[in-house]
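Undergrad: Provide a 3D model corresponding to the input given below.
(chains A and B)
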Amino acid sequence: AQSVAQPEDQVNVAEGNPLTVKCTYSVSGNPYLFWYVQYPNRGLQFLLKYITGDNLVKGSYGFEAEFNKSQTSFHLKKPSALVSDSALYFCAVRVPYGNNRLAFGKGNQVVVIP
Amino acid sequence: GAVVSQHPSRVICKSGTSVKIECRSLDFQATTMFWYRQFPKQSLMLMATSNEGSKATYEQGVEKDKFLINHASLTLSTLTVTSAHPEDSSFYICSAYRSGGANEQFFGPGTRLTVL
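TA: Numbering: from 1, shown residues only, chains lettered A, B, ... in the order given. Predicted coordinates:
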């Protein structure tokens, strides 16, 4: 079964500094990988996904993620964090040709300090 | 992007009553919708997969008689929490699957259920 690990509970970063949120996955077959962001009492907003092609994927709001097959990782990055990036971030994986279900990591709270 | 709505956004009810939550895909047809439950500052737990015109598929440990799911049309799925108890208080989120495009699952804004 597929699974996702987000090892950190909270990521603190100063405004303007680079932001990295880590994600590793375990799945048989080629994974579809996703990042979502959640603001308080809201649903999830899609940031980006990787299916195939370039390992570096660019998404919404200046975020990008790098797929690393050998390390089974899909870390989310942003070169310069904004206070408004403070939110809960979820990494998710789906096995293609399955039932389209997503398995989510536990989430990382990102706090951007002004 | 596609829009998914949930209604109500917030509901408070007495213990023992039933609560219905609606999930609608507003601008696309969704043969598959998913229902999740989220506890504070925790991840989403998939409760069930809702398939239009057929019975929902429940995850292990989720009581199908407690959480009734109906996917009567390609744009509407409902989750009914029957005989609600305080331990059912949670944030319920639905998503609708749309094939193709950059994104596949579109999430509703969630429903905060509080059972007194």
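
Undergrad: only C-alpha atoms for contact and neighbour calcs from this point on.
TA: OK.

Undergrad: sec struct for residue A:84, please.
TA: With DSSP: H, G, I helix; E, B strand; the rest coil as the basis, residue A:84 sits in helix.

Undergrad: which strands and helices lie in contact with whichever strand or helix holds residue B:36?
TA: According to DSSP states H and E, residue B:36 maps onto strand B:32-38. Secondary structure elements in contact with strand B:32-38, counted by 3 or more Cα pairs under 8 Å, 6 or more residues apart in numbering or on different chains; DSSP states H and E, are strand B:44-51, strand B:90-97.

Undergrad: which residues does that strand contact?
TA: Strand B:32-38 has contacts (Cα atoms under 8 Å, 6 or more residues apart in numbering or on different chains) with B:44-52, B:77, B:79, B:90-97.

Undergrad: paired strands for the helix or strand containing residue A:112, with orientation please.
TA: Take DSSP H and E as the rule and residue A:112 turns out to sit in strand A:108-113. When pairs are called by DSSP bridges, strand A:108-113 turns out to pair with strand A:10-14 (parallel), strand A:87-94 (antiparallel).

Undergrad: pull the CA atoms of the longest one into PDB?
TA: By that I understand strand A:87-94. Coordinates of each C-alpha in strand A:87-94 appear next as PDB, following Å, rounded to 0.1, in the frame of the first residue of the first chain:
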ATOM      1  CA  ALA A  87      -0.400  27.200   6.600                       C
ATOM      2  CA  LEU A  88      -0.600  23.500   6.800                       C
ATOM      3  CA  TYR A  89       1.000  21.600   3.900                       C
ATOM      4  CA  PHE A  90       0.200  18.100   2.900                       C
ATOM      5  CA  CYS A  91       2.100  15.700   0.600                       C
ATOM      6  CA  ALA A  92       0.000  13.000  -1.100                       C
ATOM      7  CA  VAL A  93       0.600  10.000  -3.400                       C
ATOM      8  CA  ARG A  94      -1.600   8.100  -5.700                       C
END
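
Undergrad: next helix or strand past that strand?
TA: Per DSSP H and E, the helix or strand that comes after strand A:87-94 is strand A:103-104.

Undergrad: can you give the strand pairings for that following strand, parallel or anti for each?
TA: Note on strand A:103-104: by DSSP bridges, its sheet partners are strand A:87-94 (antiparallel).

Undergrad: give me the distance from the strand it pairs with to the chain's centre.
TA: A distance of 5 Å separates the centroid of the chain from that of strand A:87-94, by Cα atoms, centre = their mean, to the nearest Å.

Undergrad: then stretch B:55-73?
TA: The chain centroid and the centroid of stretch B:55-73 are separated by 10 Å, computed with Cα atoms, centre = their mean.

Undergrad: tell me which residues in it are buried?
TA: Buried positions in stretch B:55-73, judged by neighbour count with 16 or more other Cα atoms under 10 Å in any protein chain shown: B:56, B:58, B:64, B:67, B:68, B:69, B:70, B:71.
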